[in-house]
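A.B. asks: attaching a predicted model along with its sequence, questions to come.
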Amino acid sequence: MISNLTQMRLPPPRQKGSMSLEETIAKRRSVRRFTSKPISQLQLSQILWAAQGISDTSGKYRTVPSAGATYPLELFVVCGRNAIEGIADGIYHYDIDSHSLTLHHKGDIRLELARAALDQEFIYEAPVDIVICAIYERTTLGYGNRGERYVHIEVGHAGQNVYLQAEALGLATVAIGAFNDEHVRKVLRLDKQYKPLYIMPVGVGLP
Ligand SMILES: Cc1cc2nc3c(=O)[nH]c(=O)nc-3n(C[C@H](O)[C@H](O)[C@H](O)COP(=O)(O)O)c2cc1C
């Protein structure tokens, strides 16, 4: 059944898996060919948690380090038609504190997103694209211009976690940095404070 809810709680992420960290690191590779097979809500939950989820009981700290725990990153999920079991196509915001998705815009915008990224066709071939954006002011407020460097370092940490979690789940991804920032922001219907830094298609990879 496809959910029409504007907010939906994701299944809780697991903290045990069958692949060792060493094996996951050794196997990680960028993949640019995907099947159209949907991913499960649990797989999506796991990937979002790895990228930016809460990982301590106080709710203060996350899976990825952040300069001064200022947490400038915001994640959006671009979901194609029949892409995630039980979730309609659209753009969703990942609400970190409640580990849930909030509908931001209805409809499949993967093709528009690919066009904003030099027509890298795997963006619309993969069932899902995770777009990692930053609100720089959260970090530059305390750290000035150096905060910009910290935000860029942090998105790398988040991206690596997406890579490793995808690998451990038997899924595939690639970090995409080549796109038109303004165009991507408009395709995602985001206001100017959001700066897109990475697009990461996620799905079942093809060799
Ligand atoms: C900052 C950054 C930006 C990247 N942008 C793109 C991109 O726009 N398109 C793409 O296909 N791959 C992109 N990649 C992936 C690299 O091409 C890939 O990591 C590299 O070829 C090494 O392969 P591996 O990841 O399988 O080890 C990017 C990687 C990084 C770190």
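C.D. replies: The structure has been received and is ready for your questions.
A.B. asks: and stretch 142-149, how far from the chain's centre?
C.D. replies: Put simply, stretch 142-149 sits 23 Å off its chain's centre (C-alpha atoms, centre = their mean, to the nearest Å).
A.B. asks: buried stuff in that stretch?
C.D. replies: Buried residues in stretch 142-149, counted by 16 or more other C-beta atoms under 10 Å: Gly147. Heads up, the C-betas are built off the backbone N, CA and C, glycines and all.
A.B. asks: can you get me the start-to-end distance on that stretch?
C.D. replies: Distance between the two ends of stretch 142-149: 13 Å, counting by C-alpha to C-alpha, to the nearest Å.
A.B. asks: which residues touch it?
C.D. replies: Applying C-beta atoms under 8 Å, 6 or more residues apart in numbering, the contact partners of stretch 142-149 are Ala67, Gly68, Thr70, Tyr136, Thr139, Thr140, Leu141, Tyr150.
A.B. asks: mind doing that once more with 10 Å?
C.D. replies: Residues outside stretch 142-149 that contact it (C-beta atoms under 10 Å, 6 or more residues apart in numbering) are 67-68, 70, 72, 134, 136-141, 150-151.
A.B. asks: filter the residues you listed down to the buried ones.
C.D. replies: Applying 16+ other C-beta under 10 Å to the contacts of stretch 142-149, the neighbour count classes Ala67, Thr70, Pro72, Ala134, Tyr136, Arg138, Thr139, Thr140, Tyr150, Val151 as buried.
A.B. asks: tell me how far the first one lies from the ligand.
C.D. replies: Meaning Ala67. Counting by C-beta to the nearest ligand atom, to the nearest Å, the gap from Ala67 to the ligand is 19 Å.
A.B. asks: sorry, back to before: pLDDT added to the contacts of stretch 142-149, as JSON lines?
C.D. replies: What follows is the contacts of stretch 142-149, written out as JSON lines (pLDDT from 0 to 100):
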{"residue": "Ala67", "pLDDT": "98"}
{"residue": "Gly68", "pLDDT": "98"}
{"residue": "Thr70", "pLDDT": "98"}
{"residue": "Pro72", "pLDDT": "98"}
{"residue": "Ala134", "pLDDT": "98"}
{"residue": "Tyr136", "pLDDT": "98"}
{"residue": "Glu137", "pLDDT": "98"}
{"residue": "Arg138", "pLDDT": "98"}
{"residue": "Thr139", "pLDDT": "98"}
{"residue": "Thr140", "pLDDT": "98"}
{"residue": "Leu141", "pLDDT": "98"}
{"residue": "Tyr150", "pLDDT": "98"}
{"residue": "Val151", "pLDDT": "98"}
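A.B. asks: restricted to strands, list those.
C.D. replies: Within those, residues falling in strands by DSSP state E are Ala134.
A.B. asks: which pair in the contacts of stretch 142-149 spans the largest distance?
C.D. replies: Pairwise distances across the contacts of stretch 142-149 peak at 14.5 Å for Gly68 and Ala134 (criterion: C-beta to C-beta).
A.B. asks: so is the longest helix seen in the chain next to the ligand?
C.D. replies: In the chain, assigned by DSSP state H, the helix with the most residues is helix 146-168. No. Among the residues of helix 146-168, none lie within reach of the ligand under C-beta under 6 Å from any ligand atom; the closest is 7.1 Å away.
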